[in-house]
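In: please find the sequence and the predicted model below.
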Amino acid sequence: MPFGCMTEDKQKMNESQMEGKKPRIGLMVGNYHTDLPTRVVALLYQHMKEAGVPGQIYLGTESSSFMMEYQMEENRFDYTYSSLYGLCKFDQLDAMIISMGTVTLYQSTTDEGAFLSLLPDIPVILVGNDYPVRRGASIISDNYNGISQCVRHLYEVHNCRKICYVSGRYEIREAYIRLQAFKDALRRYNMDLTDDMIAWGDFSEHVDNAVRGLLERYPDMDGLVCANDEMLISVYRVLREKGIVPGRDICVTGFDDMKMARHMVPPLTTVAQDYTTMCSKAFQKTMDILEGRRVTSEVIPTPFVCRGSCGCSYQEEQKSQDDSRGNLVQDVLLRRQNQRRSWISALLVRELLLETVHIKTFFEKIGDNFAKLKVKSSYICLLPEPAVIQPGEILTDVDHMVLTMVQKGGSYNAYDMETGPRITQEENYLETVGLADGIYVTFLLFYEQTLYGTLSVEIEPREIDLYYAFSLEIGTSIRYLFLSLDQQRYRAELQAIARHDDLTGLYNRSGFDSAAAGYVSLYESERMVLLMADMDHLKEINDRFGHLEGDNAIIETSRILREALGKNNPLGRQGGDEFVGIMTIQDDSDIEMLIELIRRKCDEYNLHSNKPYLVEISVGCTAFDSNEFGRFETIWRKADLSLYKAKEKRRPTSIKEKL
C-alpha cells in the first residue's frame, strides 16, 4: 500500500483510538546545525506547545561537513541517521511533519518515495518538498522564482555577464529546482553556461574547496548565485582569502535569508523563505487532516531581499539600544548556563565509563545524571541487539525495543535487557509510566556504523545542542559498555575452559577443587560424601577398538555419574578414567544407594548399547561432616582406599565376546 493511503476500516479504527486522547505528532529534521532546520524545530515546537499537542522530534545532526574541514572525511557515518527516522514506528504517532530536504541531505539515497514507504502508514505534511502524498500535503517555497529573481537582479541592475553558481546536491528536490531556475534564467539572457561554471556543494558552510575550484576556473566572474545562504558563509571565507570583496569586486546573492544574513559584512542579498508562514501552515494542515478536513498543498512566495553583497546600498532599521543591550545580556546568560551544563555533563559522562560492568547500573547512572541536570523527563530504548548499518541501508527489521531507563524529575528507573519493558508498534510502555504527553527530542545512540538505540529528552529547542553532544557521549559510552560486557563473557568463557575438561565438560582437577570448596562452604554441619570412580578397563577398550571408542566410553561414564549425583553437585574428571564427585546425604546409608544407582545405570546402558564392550564403573566413597573439609587429604585417602577395594571386584574384561 502506498505511503499515506489507508483502508477505510483502518482509518475508522485510528479515529476511534484517538477519541479521548490528544493526537501525537512526529517532526523529522536533519542537518540540524544549519539555520533552516533549527528555525523549523523552534517554530513547530512552539505551535505544539501552545496547542498542548504531544510529539516526538527526530533529530539528525550531521557531522561529516565539520569533519571535512579537519581532513577527517573517512569518518562519514551520517547515513546512520536514516535508521533514527525508521524507528519512529514504535512511538504511536498519528501524523508526521517532515522537512524532507534536510532529512535526506546526507543519505546515500534521496528517493523520497522509498524513504516514505519505510515510515508508519499515517498522514504526512512535507515541508520544503512537493513529493505527492495521497493522505497529506506539501508546503514548499517558490524555489524557481526565487533564483530567477537573483539572476534578473544581477543581470539587469548590476550588468553582470559572467555569472557562476554554487549548487546543493542535485538529488535534493530544492537544489534541483533552484539549479534549473538558474540555467533557464541564463538562457533567457543569452549568457554563457557550461558545466564547469557550477560548483557542487552540500548546503553546508563547509564547501570551501568547491568554491576555490570555481574561482580558479573563472577568476573573471562578475556574479555568483548561491543555492542557499549557509554555503555563502564558505563563499565569504574563500573570497576573503583571495582579497575579493563581495558587493565591490563581485556581486553575490543567496537563498533563505538566514538569521545572520543581515549581519554579514557586507549584509547578504538573498531570497527570503517565510519559515513562520510555512511552519504555521504545516501545523495547521496537520491538525486539519487529523480532524477530518481536506488539505491541499501550497507554494509560499519568496521575496527578493536586496542588501549590500550584490553591490546595492543597504539600510536597515536599527533596533533600539536598550533592546540590543537586553538581547546581549540574555545571550550572555544563556551561553553561561549552557557552558556550565556542558561541563557538568562532560564530567558526568566520565562517570559512565566507570559503570561498564552491569547494564542496569550503567543506565541508573544516566538517569541520575539527567535528574541532576533537572531534565523534566527522559527515556532510553535499546535495540534487542546492536545493529551494524551499511551506507544506503535503513534499519527496518526490528520488531521491538527495550526500555532501559525512564527518568521523570528527580526519580528514575533502570532495567537490563532481560527485565526491561518491551516497546512495540502495538503497545507503548510510556503511557503506563506517564511519559506519553510531553514533546520529546529523540537522538540516535550510535558509534560509527553501530546503532544501539535512541535517547528521548523532554527539552526546549534552545537546549538541543547540549543534549545532542550528550547523546554522542552516551553512544560512545554504550560502545564501551558492550565491549566491557563482551570481555566479561570472554573472561568467563576462558575461566570455564580453564576449569573444565574438554572431552566431558566436567570440572578438571583445579576446577573441581575450587568448586568443591565453594560447595562445602554453602552447607554448614551437613553430612557429605566424597565419591571417587574409575571406569573399568579403559586401556583394553583403547587397545582393541581405538581411542575414539575409548573417548565414547569416557563420555558415557561421565553422563552416568552426572545423572547419579545430580546436576548441582560438583563432579570432575581427574584425568584418563578417574572421576571425583561430592554431594550432601541424609545419612551414611545413602552411600550404598548411590553406588547401587550407578551400577543400575551402567546395566541400563549396556543392555541397549550395540557397542562391543561394556561401560562399568568402580566406585569408592567416604562420608564426612562439612566442617571436617579442612582435613581434605584424609578424606581423599579414605575414598581412594575404598575405590581400590571396589576395583578388586571388577570383571576381568569389558569385551563382550570374552565374557
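Out: Alright, I've got the coordinates.

In: elements contacting the longest strand seen in the chain?
Out: The longest strand of the chain (DSSP state E) is strand 377-388. When contacts are defined as 3 or more C-beta pairs under 8 Å, 6 or more residues apart in numbering; DSSP states H and E, strand 377-388 packs onto helix 359-372, strand 401-408, strand 439-447, strand 450-457, helix 464-499. No exception for glycine: its C-beta is placed from N, CA and C like everyone else's.

In: go through the ones you listed and name the closest to Gly243.
Out: helix 464-499 (34.3 Å; C-beta to C-beta).

In: heading C-terminal from the closest one, find the next helix or strand.
Out: Once the chain leaves helix 464-499, the next helix or strand it forms, by DSSP states H and E, is helix 509-521.

In: need the contact list for Ala137.
Out: Ala137 makes contacts with Ile125, Leu126, Lys285, Ile289, Val295, Thr296, Ser297, Glu298, as judged by C-beta atoms under 8 Å, 6 or more residues apart in numbering.

In: not counting its neighbours along the chain, what's nearest the third one?
Out: For Lys285, ignoring the flanking residues on the chain, the nearest one in space by C-beta to C-beta, 6 or more residues apart in numbering is Val295 at 4.4 Å.

In: re earlier: paired strands for the longest strand of the chain, with orientation please.
Out: With DSSP bridges as the test, strand 377-388 is paired with strand 401-408 (antiparallel), strand 450-457 (antiparallel).

In: ok, Ile380 - how many residues close by?
Out: Counted by other C-beta atoms under 10 Å, the residues lying close to Ile380 total 29.

In: tell me the pLDDT of it.
Out: With respect to pLDDT, Ile380 scores 95.

In: one more: the one 4 residues further on?
Out: Per-residue confidence at Pro384 stands at 94 (pLDDT).

In: 596 is where my numbering starts, stick with that
Out: Sounds good: first residue 596 from here, last item Pro979.

In: that one: neighbour count?
Out: Here the count is done by other C-beta under 10 Å, and Pro979 has 13 residues near it.

In: so what's Cys759 up against?
Out: Neighbour list for Cys759: Met792, Ile793, Ala794, Leu809, Tyr813, Met816, Gly818, Leu819, Val820 [criterion: C-beta under 8 Å, 6+ apart].

In: residue ranges in the protein under the pLDDT threshold?
Out: Regions of the chain meeting the criterion pLDDT under 70 cover residues 596-616, 656-673, 699-705, 909-952, 1083, 1085, 1087-1089, 1091.

In: now the helices for the stretch 846-995 of the chain?
Out: Taking DSSP state H, counting those that start in this stretch to define them, one finds helices in the stretch 846-995 of the chain at 870-885, 916-947, 954-967.

In: who touches the first one?
Out: Taking contacts as C-beta under 8 Å, 6+ apart, the residues outside helix 870-885 that touch it are 613, 618, 620, 631, 634-635, 638-639, 642-643, 646, 648, 689-690, 692, 718, 720, 722-723, 730-732, 734, 736, 889-890, 893, 895.

In: report the buried residues of that helix.
Out: Of the residues in helix 870-885, 870, 873-878, 880-885 count as buried by neighbour count, 16 or more other C-beta atoms under 10 Å.

In: with distance to Pro1247 added, can I get those residues in JSON lines?
Out: Compiled in JSON lines, the buried residues of helix 870-885 are given as follows (distance: C-beta to C-beta, whole Å):
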{"residue": "Tyr870", "distance to Pro1247": "98"}
{"residue": "Met873", "distance to Pro1247": "98"}
{"residue": "Cys874", "distance to Pro1247": "96"}
{"residue": "Ser875", "distance to Pro1247": "100"}
{"residue": "Lys876", "distance to Pro1247": "99"}
{"residue": "Ala877", "distance to Pro1247": "94"}
{"residue": "Phe878", "distance to Pro1247": "95"}
{"residue": "Lys880", "distance to Pro1247": "96"}
{"residue": "Thr881", "distance to Pro1247": "91"}
{"residue": "Met882", "distance to Pro1247": "94"}
{"residue": "Asp883", "distance to Pro1247": "97"}
{"residue": "Ile884", "distance to Pro1247": "92"}
{"residue": "Leu885", "distance to Pro1247": "90"}
